[in-house]
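Colleague: Return atomic coordinates for the entry below.
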Amino acid sequence: MKLIKTEDAVGSVLCHDITQIIPGVTKDAVFRKGHVVREEDIPVLLSVGKENLYVWEKQEGMLHENDAAEVLRQVCQGEHMKASEPKEGKIELTAECSGLLKINREKLNAVNAMGQMVLASRHGDFPVKKGDKIVGMRVVPLVIEEEKMDRVKEICGGEPIFTLLPFRKMKAGIVTTGSEVYYGRIKDQFTPVVKDKLEEAGMEVLGNILCNDESDMVTGAIREWIEKGADVVVCTGGMSVDPDDRTPLAIRNASDEVITYGAPVLPGAMFMLAYAGNIPVMGLPGCVMYSKRTIFDLVLPRVAAGERLRAEDFSVLGEGGLCLNCEVCTFPNCGFGK
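Modeller: Okay, the predicted model is just below:
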C-alpha cells in the first residue's frame, strides 16, 4: 500500500475502513476496505478528517480482493443464478428460479482447502426457492497471488461448482395397494398424504388406482399409468417383508432397473426406487402416511427436478438419515438428510 493525498485518490482502492463518528447519531464505516474512491467521495473523506489515505498499490502478479472474488464467481455460478456486485471482496449468488441445488463437493472442498479463500453454501440436493441465497464467496486478504486464482480455475475446470436444476412440470400416478383398502374394509388414508406431497412438489396428480395385494394387479396398474402419460408412478404400502406385501415384486416386474430396495433412513428404510425406462417408480413404506418427514421428502425434490438417482445417492444418506421427530418440525432447516 502507499500513502497519497485524498484529493488525488479518485480511482484508488482503500486499504482499510474509514469510520465516521457523529456523537449520539452514529459510529460506523462510511467507506469499507476495498472501496474504490469516486470524485463525490472526496468531500466526505475530508469531512471525517482524512487529508491523506492509504490505498492499494497495484503489484504485478497480485489481484485485489474484488477481482479475486470475480474469479471465484466464475467457477461457482451456474445457470439460473444471479450474482451480487462485489462488496468488500465478497460476492453472493441467489436463485433466479425454484429448483434443486446440486454441488460438486469435490471441487468445493478443493477450493476451500487452498486457504485464503472461502466458499460457504447451503446444503446441496435440497430445494431452493427463487431469491434464496445459494453461496457466499470471498478471499481473506486484501490482495492475493494471481497464480493462486489461476490454480482455482484449473481445479474447477469448465463445469461450475453449483448447479440449479429447475423443477419440471410432471404428471404423477398413484397406485394404492392393500386388500383392506381395495375391499373397503378400512378407509384409505395413505393416498391423500401422498397426493398432497406430490402437489407440494409441483406435480399434477392424475389420480389413483386401487389394487389388492396381488403383484400382477399392481404391476398392471403401474404400466397403466405409464401408458396414460405419467412421468412418475408412486405405489403406497405393501413394502415390508410380510407374506402379503408384494409391492416390491410388482415394481420389479414393471421396471427395467431397480436402484434400491431399502435405504439408511429412518423413517423410510423400506423405500424402493426403480425405473421403467426413464420413468421413476417409487414404493413408499407405511411410515410416509403418518410420519411428518421421511425418505420420501428427501427423494421427491430430486425426482421433481428430473435427476436420475443412483444406488450411491442412497448409500450416503446414513449420516443425517435419522429424523428426530421433533415436536415442532422445522424441516428442511434441520439435520435430517444432511
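Colleague: Count the residues that sit near residue 172.
Modeller: Look at residue 172: counted by other Cβ atoms under 10 Å, it has 27 neighbours. In this view, the C-beta of every residue, glycine as well, is placed from N, C-alpha and C.
Colleague: Over to residue 132?
Modeller: Residue 132 has 15 nearby residues by other Cβ under 10 Å.
Colleague: confidence score at residue 177?
Modeller: pLDDT, residue 177: 95.
Colleague: Please name the nearest non-neighbouring residue to residue 103.
Modeller: Using Cβ to Cβ, 6 or more residues apart in numbering and skipping residues adjacent in sequence, the residue nearest residue 103 is residue 124, 3.4 Å away.
Colleague: Could you look up the SS state of the residue nearest the centre of the chain?
Modeller: For the chain, the residue nearest the mean C-alpha position is residue 101 (2.9 Å; Cα atoms, centre = their mean). Secondary structure state of residue 101, per DSSP: H, G, I helix; E, B strand; the rest coil, is strand.
Colleague: Verify the contact between it and residue 135 for me.
Modeller: No: here residue 101 lies out of contact with residue 135, judged by Cβ atoms under 8 Å, at a distance of 9.2 Å.
Colleague: Identify the contacts common to those two.
Modeller: Taking Cβ atoms under 8 Å, 6 or more residues apart in numbering as the contact rule, residue 101 and residue 135 both touch 122, 162.
Colleague: can you list the weak-confidence ranges in this structure?
Modeller: Confidence mapping of the chain against pLDDT under 70 gives the ranges 243-244.
Colleague: Could you count how many residues lie near residue 147?
Modeller: 10.
Colleague: Chain neighbours aside, what residue packs nearest to it?
Modeller: That would be residue 61: by Cβ to Cβ, 6+ apart, it lies 6.8 Å from residue 147.
Colleague: Please apply the same query to residue 16.
Modeller: Nearest non-adjacent residue to residue 16 (Cβ to Cβ, 6+ apart): residue 33, at 5.2 Å.
Colleague: now the one you found: how far from residue 12?
Modeller: Distance, residue 33 to residue 12, using Cβ to Cβ, to the nearest Å: 13 Å.
Colleague: what about those two, which has more around it?
Modeller: Counting neighbours by other Cβ under 10 Å for residue 33 and for residue 12 shows that residue 12 has the greater number, 20 against 16.
Colleague: and the more buried one, what does it touch?
Modeller: Shown in contact with residue 12 (Cβ under 8 Å, 6+ apart): 4, 36, 37, 53, 55, 56.
Colleague: for residue 112, same thing?
Modeller: Here residue 112 is in contact with 118, 119 (criterion: Cβ under 8 Å, 6+ apart).
Colleague: Let me know the distance separating residue 203 from residue 28.
Modeller: Taking Cβ to Cβ, one finds residue 203 at 49 Å from residue 28.
Colleague: For those two, indicate the residue with more neighbours.
Modeller: residue 203 (23 against 10).
Colleague: For that one, give me phi and psi.
Modeller: phi -90, psi 150 (degrees, to the nearest 10).
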